[in-house]
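A.B. asks: Sequence unavailable; structure follows:
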């Protein structure tokens, strides 16, 4: 049975425009008979539905049902994916996005954009996902190191239902991925301007921007590039149905999706002799939607294989390990695996809590789903102090790049002057870190490569020959500890600088003489391979499509499970 949305209420509004509609001058508007529909969703990390405060959302089998029911047919509908299908969660990290490519090929996706998480496993892996896709990936601002486009298609005109739709796509946040040194993000506004100009030259009747960018970045692009008619942006946590932001006097919309593909935007474009009408409706993907049988079978296959592979118990914990303590525990695991004096884990890389009791492979892989690689380096105390400040500055809340450490503790004073915010950097033996001394440090290649804007380790010497996946170092650590040890929380914050000096004067350069880690590297065995042991693999309301003419808000319709918005622009 097809899911249906019930019309609840209508509210009509009229917004003044800078030019009158054709009807206001007595001209009759005649539809051309063409109609195009875009079905847009984004942010795919889990195959199964996720439970949120407002109930279940997402799920690949329910998504299939919504897309099928809302389609006008292959020739009149574009299914568009907005990005983020690889890392960030247990399922995403375990399979690295391959099941979603298989599903999207079957769903009939036409166009896709990149999110930064699509690069969590490196640029080469992202290219392998692109090569396995039967649809077109578009990026207007991502380039290789040599400046060439990351993918050949920097903008795309698709004729859908007789309407020429132009797509451009923007991605930011690449500093938070392991591919930050391999793929560069170019200026969003300049890239959008170039792409929109190219699309107009190719005859695009409406320009759609796909934006895996922040709300502030989206607003800035829309303000600066009036040729864009609508932006379809990444998730908004503000509303369970998604949300709409209107930009400038023309009130061109940004449609912000509900996270984890909890909704699909159905966007209709209808040309007439008076211009283009563009209508948008939010369709929820929730527990009210029946699962598509074929996609449910695929969902159960992949989830079942993963759960079976990760069911083994590795260790136990006598208490729940929250993410801050978990970060310190992971840093200790790196340190012990690499046999270094110190360990470092960025707070945002720890993605789950470890519950009290038996700890399984599933639990550990949920903690570290990004498949970052761990290395050992030599770094001076001064480098470490500078890197601590950069990491803490990137996310003072304790997530993001905020450093969780082992072998030493520190305090962070965000109100202090730049360069003086890290104090009391204290080694486990009670002595202060020596800025002039050299220490061995285990950390991820992501942090070493400048992730979260931590650049102080640039040029540091890599001393390890054994490069291990972060989760495998954690698994090895857990196997060595039948009861997970309590790890001290590190990186506490102070409201103001302490009165006493907390860092010694810099002496002549010397080699640190701290003892090595208590668990030497040669006594540890990695318990698993770098890759998993499983084969990877709606009613409306209109707004117009061109940006050069006036727009009128005709009405706002509240829908069960969604909302609709309608505008028209006269070209």
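C.D. replies: Good, I have the coordinates. Source: prediction; values computed, not measured.
A.B. asks: C-alpha only now, for contacts and for neighbours.
C.D. replies: OK.
A.B. asks: Give me the below-cutoff pLDDT ranges for this protein.
C.D. replies: 1-27, 236-242, 248, 500-571 (pLDDT under 70).
A.B. asks: rerun at 80
C.D. replies: 1-33, 53-54, 86-89, 175-178, 180, 235-251, 273-274, 466-467, 497-571 (pLDDT under 80).
A.B. asks: got the contact list for the residue nearest in space to the middle of it?
C.D. replies: Nearest to the mean C-alpha position of the chain, by Cα atoms, centre = their mean, lies residue 117 at 4.5 Å. For residue 117, the contacting residues are 84, 85, 86, 87, 88, 177, by Cα atoms under 8 Å, 6 or more residues apart in numbering.
A.B. asks: ok, and the most crowded of those residues?
C.D. replies: residue 86 (33 neighbours; other Cα atoms under 10 Å).
A.B. asks: Could you find the closest non-adjacent residue to that residue?
C.D. replies: Leaving out its chain neighbours, the residue that sits closest to residue 86 by Cα to Cα, 6 or more residues apart in numbering is residue 97, at 4.0 Å.
A.B. asks: From the rest of the structure, what touches stretch 407-424?
C.D. replies: Identification of contacts with stretch 407-424 by Cα under 8 Å, 6+ apart yields 332, 341-343, 385-386, 388-389, 392-393, 396, 425-428, 432, 490-497, 502-503.
A.B. asks: Keep only those of these that are in helices.
C.D. replies: 332, 385, 386, 388, 389, 392, 393 (DSSP state H).
A.B. asks: now, which of those residues sits nearest residue 253?
C.D. replies: Minimum distance to residue 253 across the ones in helices among the contacts of stretch 407-424 is 33.0 Å, recorded for residue 393 (Cα to Cα).
A.B. asks: Could you report the distance from the closest one to residue 288?
C.D. replies: Going from residue 393 to residue 288 by Cα to Cα, to the nearest Å gives 43 Å.
A.B. asks: more crowded one of the two?
C.D. replies: residue 393 (22 against 13).
A.B. asks: Could you report the distance from that one to residue 372?
C.D. replies: Distance from residue 393 to residue 372, by Cα to Cα: 22 Å.
A.B. asks: just residue 132 next, same as before
C.D. replies: Separation of residue 132 from residue 372 (Cα to Cα): 23 Å.
A.B. asks: So for the two, which residue has more residues nearby?
C.D. replies: residue 372 (24 against 14).
A.B. asks: so how far does stretch 434-447 reach from one end to the other?
C.D. replies: The first and final residues of stretch 434-447 sit 22 Å from each other (Cα to Cα).
A.B. asks: Correction: the previous question concerned stretch 254-272.
C.D. replies: One end of stretch 254-272 to the other measures 23 Å (Cα to Cα).
A.B. asks: cool, and stretch 367-381?
C.D. replies: With Cα to Cα, one end of stretch 367-381 sits 29 Å from the other.
A.B. asks: got the buried residues for that stretch?
C.D. replies: Across stretch 367-381, burial judged by 16 or more other Cα atoms under 10 Å covers 367-381.
A.B. asks: Where helices are concerned, which of those count?
C.D. replies: Going by DSSP H, the helices hold 367, 381 from those.
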